[in-house]
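Student: Here is a sequence with its predicted model. Questions after.
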Amino acid sequence: MIPFSYYIDKFVNYLNIEKNYSLHTIANYRKDLSEFRDFLDSRGGADIKNIDYFLLRKFFSVLSGRQLGKRSLSRKISTLKSFFKFILREGLIKSNPASSLIYPRADKNLPKFLTEKEVEKVLEVSDGKGVLALRDKAILEFLYSTGARVSEMVTLKIENIDLVSGVVKVKGKGRKERLLPLGEPAVKSIKHYLDARRDKSEFLFINKKGSALSDRGLRGIVYKYIKKAAIHLKASPHTFRHSFATHLLNRGADLRSVQELLGHSSISTTQVYTHLTIDSLKKVYLKAHPRAK
């Protein structure tokens with residue numbers, strides 16, 4: 001019997017070479033499949049051809065005892081569906097045992113976002129002198145101007161940003177590249193920051209040692225200014241991304257354009273941002289309804 005780990009390695013190589021997935025995504029797939037492998041080993045192992053829907057259900061029954069969240073369970077189901085779809089395509093099994101697995105009904109949690117006034121407040125308190133203060137200002141302006149992910153920002157190189165045209169090229173999920181426009185305040189902040197730098201690093205956002213800023217480092221900077229602005233919302237860099245999308249839609253941007261800017265592969269992911277603040281809804285209602293006043 002061929003060890004299940006052999007099939008995991010085969011699938012991971014496919015994700016890396018053919019699908020060009022990010023290392024983070026691949027690591028999650030491997031983690032989920034390794035959990036399933038451990039489950040099989042605890043039962044004495046199983047030939048991949050003998051794995052059926054009922055065995056998969058037993059695996060998820062074990063997982064449910066660990067009180068995992070619906071999002072985690074959904075990810076593991078998605079992993080197994082993709083894995084067995086690949087194994088089926090390779091001709092190693094005759095049917096996909098995971099095809100009938102049902103995703104748990106997800107809770108509809110709307111993303112938290114800052115109001116336009118709150119964003120302005122955070123940007124105002126980030127004004128300062130010195131290269132690090134200028135960097136922090138550039139980071140916050142960039143976040144709100146582009147709606148970029150943290151992972152896209154910490155890997156961004158100076159050569160990928162055109163301050164004359166006001167355009168930046170970022171590498172998103174699946175290593176897919178996309179062009180994003182930069183607002184004038186962001187362009188100015190980045191120019192001031194770059195003019196103050198005396199290092200030779202190729203990365204746009206760097207730490208005080210001259211190395212590329214880490215994910216954790218960037219998050220720490222955002223938390224610092226959220227706190228300084230006395231905003232009580234538990235905000236993060238992703239909150240700026242949520243705010244970016246929400247404010248665009250509130251001001252009339254179409255959903256497809258916002259999808260492109262965010263780098264979402266599916267518009268259903270972007271639709272979560274179609275919620276509008278009650279103030280915006282009231283304005284539309286008062287303006288459009290004949291009996292509103």
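Tutor: Perfect, I can see it now.

Student: and the gap between Lys85 and Phe11?
Tutor: 10 Å (C-beta to C-beta, to the nearest Å). From N, CA and C alone the C-beta is placed, and that goes for glycine too.

Student: Looking at the two, which is more packed in?
Tutor: Each of Lys85 and Phe11 has its neighbours counted (other C-beta atoms under 10 Å); Phe11 has more, 22 against 14.

Student: Mind listing residues that contact the strand or helix carrying the more buried one?
Tutor: Using DSSP states H and E, Phe11 sits within helix 4-17. For helix 4-17, contacts defined as C-beta atoms under 8 Å, 6 or more residues apart in numbering pick out 21, 25-26, 29-30, 33-34, 36-37, 40-41, 45-46, 48, 83, 86-87, 90, 92.

Student: remind me which residues of this protein are low pLDDT?
Tutor: For the chain, the stretches with pLDDT under 70 are 106-110, 275-282.

Student: Domain map for it?
Tutor: Following automatic domain parsing, one gets these domains for the chain: 4-89, 116-283.

Student: which residues of the stretch 101-250 of the chain fall in strands?
Tutor: Counting by DSSP state E, counting those that start in this stretch, the stretch 101-250 of the chain has strands at residues 161-162, 167-171, 177-181.

Student: list the contacts for Asp47?
Tutor: 1-2.

Student: for Ala133, same thing?
Tutor: Ala133 sits next to 126-127 when contact means C-beta under 8 Å, 6+ apart.

Student: before we move on, what about Ala186?
Tutor: Ala186 makes contact with 138, 141-142, 144-146 under the criterion C-beta under 8 Å, 6+ apart.

Student: That one and Glu159, how far apart?
Tutor: Counting by C-beta to C-beta, the gap from Ala186 to Glu159 is 17 Å.

Student: top of the contacts of Ala186 by neighbour count?
Tutor: Of the contacts of Ala186, with other C-beta under 10 Å as the count, Phe142 tops at 27 neighbours.

Student: That one touches Ala148, doesn't it?
Tutor: Yes. If you go by C-beta atoms under 8 Å, Phe142 and Ala148 touch, sitting 6.9 Å apart.

Student: ok so, going back, tabulate the contacts of Ala186 in TSV, adding columns for distance to Thr270.
Tutor: Listed next are the contacts of Ala186 as TSV, based on distance: C-beta to C-beta, whole Å:
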residue	distance to Thr270
Ala138	27
Glu141	23
Phe142	21
Tyr144	18
Ser145	18
Thr146	15
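
Student: That'll do, ta.
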